[in-house]
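[1] Build me a model:
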Amino acid sequence: MTTQVVTPYAGRYWHTLGDGRMQCDLCPRDCALHDGQRGACFVRMRQGNQMILTTYGRSSGFCVDPIEKKPLNHFYPGSSVFSFGTAGCNLACRFCQNWDISKSRDFDRLADQASPEQIASAAAHMRAHSVAFTYNDPVIFAEYAMDTADACHAQGIAAVAVTAGYIHPQPRAEFFAKMDAANVDLKAFGDDFYHKLCAAKLQPILDTIEYIHTETSCWLEITTLLIPGWNDSEAELTELSEWVMGHLGPNVPLHFSAFHPDFRMMDTPPTPLETLRKARYTALRAGLKHVYTGNVHDPEGDTTWCPSCGTAVVRRDWYEIVDYRITGEGECGACGAPIAGRFGRFEQPFGRQRIPVHISQKT
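    Below is the predicted model of the structure:
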């Protein structure tokens, strides 16, 4: 197999320090680099007087998924999404569920190479409604993601970000201006958790979440992975839910998903279903209208309920939609009350299938 040479891409978001080092201004890590050094994300590298994005045009793979897998339950339910990621991450989560991609420093794993235009064309060919930047955090390949979003929009395809939201204000504004929907991973509601398990801070993530909701037209949903003994206490979940209610309002969907032992937390047990259900009830008591459970089979926690009349407007079995009662205008089919989200004409749902895609690039 012939290995293609990808021309290094000059990234944005940096400045030169007084001591000659180059500081990356993409995220709060503020990595200061000598020539040839990489940032903590491992994909942004100083090369001479440029910041190089080493993964531009390179992917760990492509596939078509149901949009509910992102998870996004209120962004064109039942639609398909063309998903891809690169490698690296700017967090250091000990519980990472995609550690083989996000923690990888083996760039030979990036087997698929594609320009933004090729990705948009492939997504159109697969009749995907949207393209998702996922698997690893897209903020570290922001330029590639934004260029791809532009190419997708030119073909009438939406752009979706699945992210931890650890990004500085200027690139944040440019990045989310190009996204149609985002699911932000709010990993916990305490600095101690972020410091010990992610080597990061909580406040920048909260700032990103609030910015998306108040300053952009990007549809927002939030996910919290509940890890037994770490972020699943009643007090913390109450505080988290009340923050969402107070800062974002009742209509932003909140997903509580189950942890499965992985990476450097193999000795931590899986999240019990009952923990997820209690978390959901806590958030509902706080006033949130759309709260879900994930990574488990829980029909009640999978279902979208009309907050006005209580009708099950979208019944799901895992990622499969088995009943749909939202009008094309986004209203409850029973009482006519508006359902928060982005909706359109609902036809044949994509289902739970996952379709791997290979984008061949001519040399």
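[2] The closest residue to S130 other than its chain neighbours - how many residues pack around it?
    In this structure, S130 finds its nearest non-sequential neighbour in A158, 3.8 Å apart by Cβ to Cβ, 6 or more residues apart in numbering. Using the backbone N, CA and C atoms, a C-beta is placed for each residue, glycine as well. Using other Cβ atoms under 10 Å, A158 has 23 neighbouring residues.
[3] what's the closest non-adjacent residue to T327?
    Nearest one to T327, counting by Cβ to Cβ, 6+ apart, is G333 at 5.9 Å.
[4] contacting residues for the one you found?
    G333 makes contact with 311, 313, 325-327 under the criterion Cβ atoms under 8 Å, 6 or more residues apart in numbering.
[5] gap between the two ends of stretch 262-278?
    24 Å (Cα to Cα, to the nearest Å).
[6] Sorry, wrong one. I was asking about stretch 32-40.
    OK, stretch 32-40 end separation, Cα to Cα: 10 Å.
[7] Quick one: mean pLDDT for it?
    Averaging pLDDT along stretch 32-40 gives 96.
[8] Where does the prediction get shaky in the protein?
    1-8, 97-112, 263-264, 360-363 (pLDDT under 70).
[9] mind listing the helices for it?
    99-102, 116-125, 142-154, 169-176, 191-193, 203-215, 234-248, 273-285, 299-302 (DSSP state H).
[10] where's the closest residue to I209 other than its chain neighbours relative to T54, distance?
    Among residues not flanking I209 along the chain, V184 sits closest, at 5.3 Å (Cβ to Cβ, 6+ apart). Distance check for V184 against T54: by Cβ to Cβ, to the nearest Å, it reads 25 Å.
[11] Share the number of residues neighbouring I355, please.
    Neighbours of I355 (other Cβ under 10 Å): 13.
[12] Identify the bridge partners of it.
    V64 (DSSP bridges).
[13] Could you do M51 as well?
    R46.
[14] Touching, it and Y13? I think so.
    Yes: using Cβ atoms under 8 Å, M51 is in contact with Y13, at 7.3 Å.
[15] Determine the residues that are contacts of both of those two.
    With Cβ under 8 Å, 6+ apart, M51 and Y13 have common neighbours C24.
[16] and the chain, what are its domains?
    9-53, 59-298 (automatic domain parsing).
[17] How far does the longest one sit from its chain's centre?
    Right, domain 59-298. 2 Å (Cα atoms, centre = their mean, to the nearest Å).
[18] again, but for the shortest one
    Using Cα atoms, centre = their mean, the mean C-alpha position of domain 9-53 is found 24 Å from that of the whole chain.
[19] before we move on, the earlier item: distance to H358 for the domains of the chain - can I get that in a markdown table?
    Shown next, in a markdown table, are those (distance: least, Cβ to Cβ, whole Å):
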| stretch | distance to H358 |
| --- | --- |
| domain 9-53 | 22 |
| domain 59-298 | 6 |
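[20] how far off helix 273-285 does the longest strand anywhere in the chain point, in degrees?
    Longest among the strand segments of the chain by residue count, using DSSP state E, is strand 219-226. Put simply, strand 219-226 runs at 140 degrees to helix 273-285, going by axes from the mean of the first three to the mean of the last three Cα atoms, to 10 degrees.
[21] Paired strands for strand 219-226, with orientation please.
    strand 181-185 (parallel), strand 254-258 (parallel).
[22] contacting residues around that strand?
    Under Cβ under 8 Å, 6+ apart, the answer for strand 219-226 is 71-75, 95, 97, 180-188, 209, 212-213, 231-232, 240, 244, 248, 252-259, 271, 275-276, 279, 294, 341-342.
[23] So the residue nearest to I209 sits against T163, correct?
    Yes: look at V184 against T163 with Cβ under 8 Å: they come within range, at 5.9 Å.
[24] Pick out whichever of those two has more residues nearby.
    Neighbour count, other Cβ under 10 Å: between V184 and T163, T163 has more, with 26 against 23.
[25] distance of that one from G48?
    30 Å.
[26] Kindly state the beta-bridge partners for S130.
    Residues in beta-bridge contact with S130 (DSSP bridges): V81, A158.
[27] State the distance from it to D147.
    In terms of Cβ to Cβ, S130 sits 16 Å off from D147.
[28] Near H255, how many other residues are there?
    26.
[29] Run through the bridge partners of it.
    With DSSP bridges applied, H255 shows beta-bridge pairing to T223, Y292.
[30] my guess is it contacts Y292, does it?
    Yes: the pair H255 and Y292 qualifies as a contact (Cβ under 8 Å) at a distance of 4.6 Å.
[31] Show me the common contact partners of those two, please.
    In contact with both H255 and Y292: 71, 73, using Cβ under 8 Å, 6+ apart.
[32] can you pull the contacts of E300?
    The contact partners of E300, taken as Cβ under 8 Å, 6+ apart, are R277.
[33] now swap in the one 4 residues further on and tell me
    For T304, the residues meeting the contact criterion (Cβ under 8 Å, 6+ apart) are 73-74, 77, 290, 312-314, 316, 326, 339.
[34] can you rerun that using 7 Å?
    Shown in contact with T304 (Cβ atoms under 7 Å, 6 or more residues apart in numbering): 73, 290, 313-314.
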